[in-house]
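In: Let me see the structure of the following:
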Amino acid sequence: MSEWAHIIIRSVIFIVVLIFMTRLLGKKQISEISFFEYVSGITIGSIAGEVIMGLERNIGHGILAIVIFAVITLLVDYSALKSQKFRKLVEGTK
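Out: A predicted model of the protein is given here:
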């Protein structure tokens, strides 16, 4: 299969994965997200972009990395909801 076909297939797969992760993490307006959530979103997108273009790499590793990063983000968000000290550490004080 040509490199173009690999890129197209990987792109479609990662669009589906990113849509799923976005739905899992929840929809928020840009003004409502914390700095940590913003950085997490950028990082997840960066991982997807790297795996899409890294044709010699295993696509499963990229999906695993995105899932792990999304789970860590969910755990941090949940911990921030439950602990005010942790929230101040992650989101900073206002």
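In: separation between Val12 and Phe86?
Out: 37 Å (CB to CB, to the nearest Å). All C-beta atoms are positioned from the backbone trio N, CA, C, and that covers glycine.
In: can you tell me the helix or strand for Arg23?
Out: Per DSSP states H and E: Arg23 is located in helix 3-25.
In: Can you name the element that comes right after that helix?
Out: Assigned by DSSP H and E, the successor of helix 3-25 is helix 35-53.
In: That next one - contacts with which helices or strands?
Out: On a contact count with 3 or more CB pairs under 8 Å, 6 or more residues apart in numbering; DSSP states H and E, helix 35-53 meets helix 3-25, helix 59-82, helix 84-91.
In: the inter-axis angle of the second one versus helix 35-53?
Out: I take that to be helix 59-82. 170 degrees (axes from the mean of the first three to the mean of the last three CA atoms, to 10 degrees).
In: which residues are in contact with helix 59-82?
Out: Contacts to helix 59-82, defined as CB atoms under 8 Å, 6 or more residues apart in numbering, come from residues 10, 13-14, 17-18, 21, 24-25, 34, 36-37, 40, 43-44, 47-48, 50-52, 54, 86-87, 90-91.
In: Mind doing that once more with 7 Å?
Out: Outside helix 59-82, the residues that touch it by CB atoms under 7 Å, 6 or more residues apart in numbering are 10, 13, 17, 21, 24-25, 36-37, 40, 43-44, 47-48, 51, 86-87, 90-91.
In: For Lys81, grab the count of nearby residues.
Out: One correction, residue 81 is Leu, not Lys. 10 (other CB atoms under 10 Å).
In: Could I get the pLDDT score of it?
Out: The per-residue pLDDT reported for Leu81 equals 86.
In: try Ile42
Out: pLDDT, Ile42: 82.
In: gap between it and His6?
Out: In terms of CB to CB, Ile42 sits 25 Å off from His6.
In: Of these two, which one has the most company?
Out: Between Ile42 and His6, His6 has the larger neighbour count (other CB under 10 Å), namely 15 against 10.
In: ok, now how distant is the more buried one from Tyr78?
Out: From His6 over to Tyr78 (counting by CB to CB), the distance is 37 Å.
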